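Participant: Generate coordinates for the sequence data below:
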Amino acid sequence: MSKITLEEVNNRYVDVLKEIGNVGAGNAMTAIASMLGIRIDMNVPKVELLEVSKLGSAICPEEEIIVGIFLEVQTDINGSMMFLMKMDSARFLVNKLMGRNTEDEKEFDEMDLSALKEIGNIIAASYLNALSVMTNLMITPSIPYIAVDMAASILSVPAISFGQFGDNALLIQTEFGDDVMISGYFILMPEQDSYEKILTALGLSL
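Facilitator: A predicted model of the protein is given here:
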């Protein structure tokens, strides 16, 4: 039997993470629908393994203002994770949650940012829980941090953090909503040792 190549491992790894993304996103949407009191539909997530330097252009222009929620991944595996939303999506979600007109474009106050952080935390935790169940690894997210800034500034965080562990990051785009579809982006990058732990747990090690 021929030895599996690193390229084949990466391809299969992305396929598995796509499935985990489906499960995690489904769980997250159920929780968010309950929070908002609405029915939510979800499109199949798009999954790409990209060079860190290409993350920005894959999401939006570098000067565009976006919302970024960053957290660290700990316990059996270590690494970083971000959940990103464009401003129109973030405003729609917050306004819906706060019972305001969904077209309200007022600046976010502390309560709005707290609500966005909680939404991002639910989504990230749902994804990580799905990964934990599939790998039987204990995965604990840290307290999330939130920023509203230009994409270039927010994405410099994963570029610096992820650059220490490798050149590639996993980008997962998900769309969900009812009458209005919301776009969100996950960026996940485990440390090298953790990447190998995940592969081994999935039976994909070289």
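Participant: Every contact and neighbour count from this point should use C-alpha atoms.
Facilitator: Fine.
Participant: Following element in sequence after the helix-or-strand element of the chain with minimal mean pLDDT, please.
Facilitator: Lowest by mean pLDDT, DSSP states H and E among the helices and strands of the chain is helix 151-163, with a mean of 68. Once the chain leaves helix 151-163, the next helix or strand it forms, by DSSP states H and E, is strand 168-177.
Participant: State the distance from residue 113 to residue 183.
Facilitator: To residue 183, residue 113 is 18 Å away according to Cα to Cα, to the nearest Å.
Participant: Check which helices and strands the longest helix along the chain sits against.
Facilitator: Counting residues, the longest helix found in the chain (DSSP state H) is helix 6-36. In terms of contacts (3 or more Cα pairs under 8 Å, 6 or more residues apart in numbering; DSSP states H and E), helix 6-36 is packed against strand 46-51, helix 87-98, helix 110-135, strand 168-177.
Participant: what packs against whatever helix or strand comes next after that helix?
Facilitator: Next helix or strand after helix 6-36 toward the C-terminus (DSSP H and E): strand 41-42. When contacts are defined as 3+ Cα pairs under 8 Å, 6+ apart, strand 41-42 packs onto strand 168-177.
Participant: Can you list the strands that the strand it packs on pairs with?
Facilitator: Strand 168-177 has the following strand partners under DSSP bridges: strand 41-42 (antiparallel), strand 46-51 (antiparallel), strand 181-190 (antiparallel).
Participant: how about JSON lines for those, with mean pLDDT, distance to residue 20 and mean neighbour count added?
Facilitator: Shown next, in JSON lines, are these (pLDDT from 0 to 100; distance: least, Cα to Cα, whole Å; neighbours: other Cα atoms under 10 Å):
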{"stretch": "strand 41-42", "mean pLDDT": "72", "distance to residue 20": "15", "mean neighbour count": "16"}
{"stretch": "strand 46-51", "mean pLDDT": "73", "distance to residue 20": "11", "mean neighbour count": "16"}
{"stretch": "strand 181-190", "mean pLDDT": "78", "distance to residue 20": "12", "mean neighbour count": "21"}
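Participant: Next, the angle helix 110-135 makes with the longest helix of the chain.
Facilitator: Counting by axes from the mean of the first three to the mean of the last three Cα atoms, to 10 degrees, helix 6-36 lies at 130 degrees to helix 110-135.
Participant: how big is the angle separating helix 6-36 from helix 87-98?
Facilitator: Using the same axes, to 10 degrees: helix 6-36 against helix 87-98 is 40 degrees.
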